[in-house]
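1. Can you look at this prediction? I've put the sequence above it.
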2 protein chains.
Amino acid sequence: MSVITVVGSGVMGSALSVPARDNGHEVRLVGTHLDREIIDTVKAEGYHPTLKRALPQGVKAFQLEEIGEALRGTDLVICGVNSWGVEWFGERILPLIPDHVPVLAVTKGLREMADGGLEPFPHYWQRLVDSRLSINAIGGPCTSYELADRRHSWVHFVGEDPAVLRSLKQLLETDYYHISTSTDVIGVEAAVAIKNAYALGVAFAVGLQEREFGIGCTPAYNPQAALFGQAAVEITRFVKLLGGRAESISVGLGDLYVTIFGGRNRRLGTLLGRGLSMEQALEELKGLTLEGTMIITRAASALRKLESRGLASMEDYPLLQHMDEVINQGTPVSIPWQAFTGTV
Amino acid sequence: MSVITVVGSGVMGSALSVPARDNGHEVRLVGTHLDREIIDTVKAEGYHPTLKRALPQGVKAFQLEEIGEALRGTDLVICGVNSWGVEWFGERILPLIPDHVPVLAVTKGLREMADGGLEPFPHYWQRLVDSRLSINAIGGPCTSYELADRRHSWVHFVGEDPAVLRSLKQLLETDYYHISTSTDVIGVEAAVAIKNAYALGVAFAVGLQEREFGIGCTPAYNPQAALFGQAAVEITRFVKLLGGRAESISVGLGDLYVTIFGGRNRRLGTLLGRGLSMEQALEELKGLTLEGTMIITRAASALRKLESRGLASMEDYPLLQHMDEVINQGTPVSIPWQAFTGTV
């Protein structure tokens, strides 16, 4: 039995308590300053109000000011913050983690570097801690609700050190939580980050169909599949551009598949496809964090900078470019079919 | 205006009459010996009984014995037969086509070669006609029903000659039927053929969920997405093994996406996942052609032969191997999670 401390009590960090407890580990769940009510409820009732499920017996909840206690003697720290908490986790939490305790992050996204490039969060965190801690991450298609319900899920643990990855896999693998390992941190992280962008883009087709035939109409799959295929083309280009291995895109494509069937990025893409402005759509989705829009904006901005240095061409990313125009310039959704040049 | 002759009046061949007529071409639809009733109905009412839609005004229907008239002065022959009609089309129809009239096939699949390898149908047909005719094919996510309804669809026209591909694209492209071209015949054809196999495999997860929680239960997407990711891994390996270009798999993945949402392969996979034997499942689906089972059997057989020659390893295709066992050996569905080694 090991001690696992989860920092950030959002839905995914909290759902990981299920395989962790099933494997008999002690689980300590620490809320951020935004999670105060969640932690209060877990402490009082053992129930997670946004995951909408009782957490496993024995999960111990901690408010942020109790983090010292939660980190004492821990064997693994899981980072459960979202994209907006990346710097906070790096600057405020990493320094508190005892030497040589591995870190495993569920946070998906890419960070802008000073030169206009993009880096995966684990690389940023690793720079902050040098060799004092090993930073690893989870990528792959796994919604928190279904993990909490013990549905079969297949994820990749990525990091620099295969031995650390094997030990993390051993800690958390169960007969429903299936884990592969990969040292292609850039490839897997780039693929699973950018997939949030394309989930929004594929959902444009859902909204466009509803705009023409009314909400609740028979869905059309040819347009969604066309956008899925173009997403696969662009994700492959993007992963290679950032230095990832092409085979890692499979992780992102499985993740794209699951993301299209639910969640916030699909809802936003659908609303925009229906013809709502970004302002109107955000009004309707009030209170939801939208990691898809963050990654669209960041990736498009980085690609433009790389293009100006002759290292990339925006023409290779017509769907991403259109999503950026819709999100950031108020352009109405209109799929750039002619720009989908495919494989030739 | 050109004359386009469609041989095989199944749903996809017939649906292509919609963009063809929208572009003002004369369309002649020829039934095979299996299509006699369809052609009778089209002749009498202009209605296609399996596509369940009226065909566009002006489509001329021909019984097989009238094919000579239908081919007279034609500018393009579209092959609309299914996988079981490939040899028939090659041996009986190709000799009737006037010299230098291009052929464009919608048939998806791979053919066993004498040495145990697999070849795409266009390569087989091209050998039969040498340089007398140019054989081309359509790959990509496009269901016939939605094409007939003029939903946005994006396909690839593949063939050896870019000039011919460009002329075919010009004949058939409309503002809803979007066409890219590719000379990677093997890559695109292998990807779109094998996707029928994996659509069945992804549907195993649908049936397994229903088996545990009852038909009509809330679907679980993590398991489907895991299988989708593994399908992407195996399709990539398969396309490369056959000599296709890795970037062509995007066409197959869009096609996999659309195939999962409907059609016969999903229905069979779901029934098998529920625990029905192959015999029981086929009983329930009586009368449906199942191209997925044909490609599973052929691909698994070819891979075993290639393995015995040291050219491939079945270990790289655990999901395909399991599907073959389920289809051909009566093994109950049980996802080989441990064999999904992912990208490392």
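-> Cool, got the structure. Quick caveat, the model's predicted, so the values are computed rather than measured.

2. Let me see the ranges of the helices in the stretch 201-344 of chain A.
-> Applying DSSP state H, counting those that start in this stretch to the stretch 201-344 of chain A gives helices spanning A:221-241, A:249-260, A:264-274, A:278-284, A:291-308, A:318-329.

3. Could you do the stretch 51-200 of chain A as well?
-> Going by DSSP H, counting those that start in this stretch, the stretch 51-200 of chain A shows helices at A:67-71, A:86-88, A:121-129, A:144-148, A:162-172, A:185-213.

4. need these in a markdown table with distance to chain B, mean pLDDT and mean neighbour count, can you?
-> Where C-beta positions appear, they are placed from N, C-alpha and C, glycine not excepted. Output for those, formatted as a markdown table (distance: least, Cβ to the nearest Cβ, whole Å; pLDDT from 0 to 100; neighbours: other Cβ atoms under 10 Å in any protein chain shown):
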| stretch | distance to chain B | mean pLDDT | mean neighbour count |
| --- | --- | --- | --- |
| helix A:67-71 | 28 | 98 | 17 |
| helix A:86-88 | 24 | 96 | 16 |
| helix A:121-129 | 16 | 97 | 19 |
| helix A:144-148 | 4 | 96 | 22 |
| helix A:162-172 | 8 | 97 | 17 |
| helix A:185-213 | 7 | 94 | 26 |
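
5. picking up where we left off before, the helices of the stretch 201-344 of chain A: which one's closest to B:Asp40?
-> Closest of the helices of the stretch 201-344 of chain A to B:Asp40 is helix A:221-241, at 29.2 Å (criterion: Cβ to Cβ).

6. what's the angle between that closest one and helix B:221-241?
-> Helix A:221-241 runs at 70 degrees relative to helix B:221-241, counting by axes from the mean of the first three to the mean of the last three Cα atoms, to 10 degrees.

7. quick one, what contacts the nearest residue to A:Thr270 once chain neighbours are set aside?
-> Using Cβ to Cβ, 6 or more residues apart in numbering or on different chains and skipping the chain neighbours, the partner closest in space to A:Thr270 is A:Gly207 (4.2 Å). Contact criterion Cβ atoms under 8 Å, 6 or more residues apart in numbering or on different chains gives A:Gly269, A:Thr270, A:Leu271, A:Leu272, A:Gly273, A:Arg274, A:Gly275, A:Val333 as the residues in contact with A:Gly207.

8. ditto for A:Glu146
-> A:Ser153, B:Ala220, B:Tyr221, B:Asn222.

9. now do A:Val158
-> Here A:Val158 is in contact with A:122, A:136-139, A:165, A:181-185, A:188-189 (Cβ under 8 Å, 6+ apart).

10. If it is in a bridge, with which residues?
-> A:Ala137, A:Ser182 (DSSP bridges).

11. Need the pLDDT of it.
-> A:Val158 is assigned 97 on the pLDDT scale.

12. From A:Gly207, how far off is it?
-> Distance, A:Val158 to A:Gly207, by Cβ to Cβ, to the nearest Å: 33 Å.

13. now do A:Leu276
-> 8 Å.

14. Find the residue closest to A:Leu241 in space, skipping its chain neighbours.
-> Nearest one to A:Leu241, counting by Cβ to Cβ, 6+ apart, is A:Ala312 at 5.7 Å.

15. related to what we said a few turns ago, just the buried residues of the contacts of A:Gly207.
-> Neighbour counting over these (16 or more other Cβ atoms under 10 Å in any protein chain shown) leaves A:Gly269, A:Thr270, A:Leu271, A:Leu272, A:Gly273, A:Arg274, A:Val333 as the buried ones.

16. could I get the residues you listed as JSON lines with pLDDT and distance to A:Thr5?
-> Listed next are the buried ones among the contacts of A:Gly207 as JSON lines, based on pLDDT from 0 to 100; distance: Cβ to Cβ, whole Å:
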{"residue": "A:Gly269", "pLDDT": "91", "distance to A:Thr5": "35"}
{"residue": "A:Thr270", "pLDDT": "92", "distance to A:Thr5": "37"}
{"residue": "A:Leu271", "pLDDT": "92", "distance to A:Thr5": "38"}
{"residue": "A:Leu272", "pLDDT": "92", "distance to A:Thr5": "39"}
{"residue": "A:Gly273", "pLDDT": "94", "distance to A:Thr5": "41"}
{"residue": "A:Arg274", "pLDDT": "94", "distance to A:Thr5": "43"}
{"residue": "A:Val333", "pLDDT": "95", "distance to A:Thr5": "43"}
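
17. pretty sure A:Val42 contacts A:His48?
-> Yes - between A:Val42 and A:His48 there is a contact under Cβ atoms under 8 Å: 6.0 Å.

18. how many neighbours does the residue in the stretch 101-250 of chain A that chain B sits nearest to have?
-> The nearest approach of the stretch 101-250 of chain A to chain B comes at A:Gly229, 2.6 Å away (Cβ to the nearest Cβ). For A:Gly229, the neighbour count with other Cβ atoms under 10 Å in any protein chain shown is 30.

19. Just confirm it contacts B:Ser153, I think it does.
-> No - using Cβ under 8 Å, A:Gly229 and B:Ser153 do not qualify as a contacting pair, with a distance of 10.7 Å.

20. Output stretch A:148-162 as PDB, nothing but the C-alphas.
-> Extracted in PDB, the C-alpha atoms of stretch A:148-162 (Å, rounded to 0.1, in the frame of the first residue of the first chain):
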ATOM      1  CA  ALA A 148     -15.500   6.700 -11.500                       C
ATOM      2  CA  ASP A 149     -18.000   4.100 -12.700                       C
ATOM      3  CA  ARG A 150     -15.200   1.700 -13.400                       C
ATOM      4  CA  ARG A 151     -15.800   1.500 -17.200                       C
ATOM      5  CA  HIS A 152     -12.900   0.100 -19.200                       C
ATOM      6  CA  SER A 153     -10.500   3.000 -20.000                       C
ATOM      7  CA  TRP A 154      -7.200   2.900 -21.700                       C
ATOM      8  CA  VAL A 155      -4.700   5.700 -21.000                       C
ATOM      9  CA  HIS A 156      -1.000   6.400 -21.600                       C
ATOM     10  CA  PHE A 157       1.300   7.400 -18.800                       C
ATOM     11  CA  VAL A 158       4.100   9.600 -20.300                       C
ATOM     12  CA  GLY A 159       7.400  10.700 -18.900                       C
ATOM     13  CA  GLU A 160      11.100  10.600 -19.500                       C
ATOM     14  CA  ASP A 161      12.000   7.600 -17.300                       C
ATOM     15  CA  PRO A 162      10.600   4.200 -18.200                       C
END
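
21. still on that earlier bit, anything in contact with each of A:Gly229 and B:Ser153?
-> In contact with both A:Gly229 and B:Ser153: B:Gly140, B:Pro141, using Cβ under 8 Å, 6+ apart.

22. what number of residues lie near the nearest residue in space to A:Tyr124 that is not next to it in sequence?
-> Leaving out its chain neighbours, the residue that sits closest to A:Tyr124 by Cβ to Cβ, 6+ apart is A:Arg111, at 5.1 Å. Counted with other Cβ under 10 Å, residues neighbouring A:Arg111 total 18.

23. do the same with A:Ile215
-> 10.

24. One more: A:Val103?
-> 26.

25. The closest residue to A:Gln209 other than its chain neighbours: what's it in contact with?
-> Nearest non-adjacent residue to A:Gln209, counting by Cβ to Cβ, 6+ apart: A:Ala220, 4.9 Å away. A:Ala220 is in contact with A:Ala205, A:Gln209, B:Glu146, B:Asp149, B:Arg151, B:His152, counting by Cβ under 8 Å, 6+ apart.

26. and the stretch 1-150 of chain A, which residues reach chain B?
-> A:Gly140, A:Pro141, A:Cys142, A:Thr143, A:Glu146, A:Leu147, A:Asp149 (Cβ under 8 Å from any Cβ of the partner chain).

27. Not counting sequence-adjacent ones, nearest residue to A:Pro49?
-> Excluding its sequence neighbours, the residue lying closest to A:Pro49 (Cβ to Cβ, 6+ apart) is A:Thr41, at 5.1 Å.

28. I am finished for the moment; much appreciated.
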